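Visitor: This is a predicted model, with the sequence first.
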Amino acid sequence: MSFISSPVDWTTWTPVIPATLMFIVKDGRILLIEKKRGLGAGKINGPGGKIDAGETPLESVMRETQEELCVLPINPRKLGELWFSMGDIPDILCHVYRADDFTGTPTETEEAVPLWYSLQSIPYQRMWEDDIHWLPLLLEDKTFLGKFVFEGDSMQWSHVETGVAW
Ligand SMILES: Nc1nc2c([nH]c(=O)n2[C@H]2C[C@H](O)[C@@H](COP(=O)(O)OP(=O)(O)OP(=O)(O)O)O2)c(=O)[nH]1
């Protein structure tokens with residue numbers, strides 16, 4: 001099924017789960033993970049996860065990156081938000097960060113396998129279906145707001161705007 005106008009009224013949409021993602025981009029490569037468990041297990045993504053109670057998005061993304069990859073981003077900056085209407089699971093608002101450096105050594109953990117990809121060979125076919133609509137903007141250092149409607153793993157509708165001030 002595909003929609004021309006959104007099947008979701010975004011003016012009244014309220015997210016249930018706040019989450020984060022971090023993309024470290026350095027020396028023409030991007031640091032991704034193969035996610036070993038949780039939502040999106042088996043997919044390739046940036047490190048990140050749900051924001052804990054009492055945490056800011058920035059605190060959360062630093063904690064998740066440390067927990068999943070044993071590295072800490074340097075000078076992270078928020079470039080985007082992703083609003084996911086998920087159908088049968090709670091809706092997600094994800095804050096997306098980029099950093100151009102880090103401390104530590106990317107290390108496999110119980111949650112993730114670290115993977116470096118050249119910016120010319122990002123494995124979009126192994127990522128969530130929406131990622132190709134906004135990750136190229138992050139790589140160009142552009143800000144964005146993406147809204148997506150999913151049914152299961154399948155994207156039904158998408159809209160991305162850029163030039164958003166966070
Ligand atoms: N790139 C990308 N990431 C997504 C999409 N949808 C979605 O939830 N994510 C991210 C947001 C979060 O970082 C992650 C979901 O959180 P999670 O289940 O890993 O949370 P967590 O690490 O706290 O896991 P847990 O403690 O519940 O096991 O997946 C998507 O369409 N594209």
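Guide: All right, it came through fine.
Visitor: Which positions in this structure make contact with the ligand?
Guide: Selection of the chain residues close to the ligand by CB under 6 Å from any ligand atom yields 19-21, 37-40, 45, 48-50, 84, 92, 94, 128, 130-131. (Glycine included, C-beta is placed from N, CA and C.)
Visitor: Before we move on, what's the pLDDT of the residue in the chain that the ligand sits nearest to?
Guide: Per CB to the nearest ligand atom, G49 is where the chain lies closest to the ligand, at 2.5 Å. Model confidence at G49, expressed as pLDDT, equals 97.
Visitor: Confirm it sits in a strand?
Guide: Yes - under DSSP: H, G, I helix; E, B strand; the rest coil, G49 falls within a strand.
Visitor: returning to what we had before: from the residues of the chain next to the ligand, which would you call buried?
Guide: A19, T20, L21, N45, G48, G49, F84, I92, C94, W128, D130, D131 (16 or more other CB atoms under 10 Å).
Visitor: which residue ranges form the strands in this protein?
Guide: Assigned strands in the chain, in chain order: 17-26, 29-35, 44-45, 48-50, 71-74, 77-85, 92-99, 101-104, 112-118, 144-151, 154-162 (criterion: DSSP state E).
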